[in-house]
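Novice: Need a 3D model of the sequence below.
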Amino acid sequence: MVKFIRLFLLLAFLLFLAACGDQYNGDFSYKVQDFTFTNQDGEEISKSDLDGKFWVVDFIFTNCTTVCPPMTSNMASLQDQLDEAGLQDDVELVSFSVDPERDKPETLKAYAEARGGSFENWNLLTGYDFDTIKEFSIQSFKSAVEQLPDSDQIMHGTSFFIVSPEGNAIKNYDGRKAANMEKIVEDIQDMM
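Specialist: You can find the predicted model right below:
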């Protein structure tokens, strides 16, 4: 009986280690909900298209007069830094519009291009309604999105999130700070 218990405990321990093999350590772990949205080229992009890669996520809108222009410029800078580090094929960038009614694919494309972005590994997504992106942001990233009363501005988080190859948000950074882009690259390199 003692041998059976030891064997059972050994097998349970080995299963535990195997289950932990593909997990990435971060500051938290939020399961990102499945989605299928439209990118800047009018193509459908789903969560499954990003499986197996790290991705960096932010929430923006093109009519934003405060935080979105520097965040988008920082995402373009991050894209360049990932390329310089040889990671452009291993890391996807994803910007979700919180103003999908106004942010059509061509609007998002022009917005990113004007700030130095390209689209080899960056998808700017729209093609849903406001309530969908509000719920998605809250459920997947614990990040609030609210339409400001009597305004065309939308309150949203300013974080850049790292999402693991398994589809879990695991770290966040202030996307307004250019210096954080280097930290994101370093942290991804350390996890690979």
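Novice: Spit out the contact partners of Asn123.
Specialist: For Asn123, the contact set (Cβ atoms under 8 Å, 6 or more residues apart in numbering) comprises 39-40, 45, 92-95. In this view, the C-beta of every residue, glycine as well, is placed from N, C-alpha and C.
Novice: and what of Phe130?
Specialist: Contacts of Phe130 (Cβ under 8 Å, 6+ apart): 98-101, 147.
Novice: ok, now with 10 Å
Specialist: Contact analysis of Phe130 by Cβ atoms under 10 Å, 6 or more residues apart in numbering lists 97-101, 145-147, 154.
Novice: about what we covered before: for the contacts of Asn123, which one is nearest Ala114?
Specialist: Gln40 (12.4 Å; Cβ to Cβ).
Novice: count of neighbours near the residue nearest to the closest one when sequence neighbours are not counted?
Specialist: Distances taken as Cβ to Cβ, 6 or more residues apart in numbering put Lys109 closest to Gln40, at 3.8 Å, once the chain neighbours are dropped. Using other Cβ atoms under 10 Å, Lys109 is surrounded by 17 other residues.
Novice: The helix or strand containing Lys109 - contacts with which helices or strands?
Specialist: Per DSSP states H and E, Lys109 falls inside helix 105-113. On a contact count with 3 or more Cβ pairs under 10 Å, 6 or more residues apart in numbering; DSSP states H and E, helix 105-113 meets strand 54-60, helix 68-84, strand 91-97, strand 122-125.
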